[in-house]
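A.B. asks: Provided below for reference: sequence and predicted model.
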Amino acid sequence: MGLFDYLAKWLGLKKKEVNVLVVGLDNSGKSTIINHFKTEESKSHDIVPTIGFNVEKFKNKSLQFTAFDMSGQGRYRNLWEHYYRECHGIIFVIDSADKMRMVVAKDELDSMLQHQDLKNRRIPILFFANKMDMREAVSSVKCSSLMGLEQVRDKPWHICASNAKTGEGLHEGVEWLTDQLKELVNVKK
């Protein structure tokens with residue numbers, strides 16, 4: 001680290017970096033959500049299903065996010081666990097209009113929370129109850145109940161109703177996550 005980098009960090013001018021894992025079942029809107037936070041020149045105009053994972057960067061307040069956008073397809077979900085140890089926070093995207101697969105999403109969440117690399121960590125989890133514009137969508141309160149979020153007592157969590165296409169609810173959620181991560185980053189010093 002050079003003198004100017006050290007000085008900028010000491011003065012609080014340099015953004016702190018955090019790793020965030022973005023997970024959820026396929027077609028829940030993970031990539032569309034991440035795309036919303038990218039700069040205009042780096043936004044994708046055509047969102048395609050993620051194969052494996054993508055790494056994206058975006059900024060919010062004084063944090064530089066590195067988002068690991070993980071595929072939610074069944075055959076790729078086992079990749080999620082390889083990123084648990086290095087992540088500072090999790091964004092879990094739920095398709096609120098897909099009640100049939102909510103049980104699968106809950107199973108994936110339960111499995112993730114029991115993993116040895118996350119089990120004993122107080123890592124913040126932001127849930128997006130996405131696709132609220134769909135007629136079949138259930139409320140974020142109903143999503144919370146179906147996902148059993150009231151049972152998550154050892155980690156800070158927050159759920160936001162969202163629409164990844166319009167951006168509704170996204171900033172509220174990322175603001176909450178940013179505040180949680182800033183506390184975590186400051187505690188680690």
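C.D. replies: Now that the structure is in, tell me what you want to look at.
A.B. asks: Make sure V174 is indeed in a helix.
C.D. replies: Yes: counting by DSSP: H, G, I helix; E, B strand; the rest coil, V174 falls inside a helix.
A.B. asks: So L118 is in contact with S111, correct?
C.D. replies: No: shown here, L118 and S111 do not form a contact pair, counting by CB atoms under 8 Å, at 10.1 Å. Heads up, the C-betas are built off the backbone N, CA and C, glycines and all.
A.B. asks: quick one, strands of this structure?
C.D. replies: 16-24, 53-60, 63-70, 89-95, 125-130, 157-161 (DSSP state E).
A.B. asks: Helices of the chain, residue ranges please.
C.D. replies: Using DSSP state H, the helices of the chain run over residues 3-10, 30-37, 102-114, 140-146, 170-188.
A.B. asks: Just the buried residues of stretch 130-145, please?
C.D. replies: Neighbour counts over stretch 130-145 (16 or more other CB atoms under 10 Å) mark 130-132, 137-138, 140, 143-144 as buried.
A.B. asks: Run the chain-centre distance for that stretch.
C.D. replies: 17 Å (CA atoms, centre = their mean, to the nearest Å).
A.B. asks: Could you work out the end-to-end span of that stretch for me?
C.D. replies: 15 Å (CA to CA, to the nearest Å).
A.B. asks: neighbouring contacts of that stretch?
C.D. replies: 28-29, 33, 93-99, 102, 127, 129, 146, 150, 159-166, 168-169 (CB atoms under 8 Å, 6 or more residues apart in numbering).
A.B. asks: Can you list the low-confidence ranges for this protein?
C.D. replies: For the chain, the stretches flagged by pLDDT under 70 are 1-15, 186-189.
A.B. asks: Could you identify which of the helices of the chain is most buried?
C.D. replies: Sort these by mean neighbour count, taking mean count of other CB atoms under 10 Å, and helix 30-37 sits at the top with a mean of 22.
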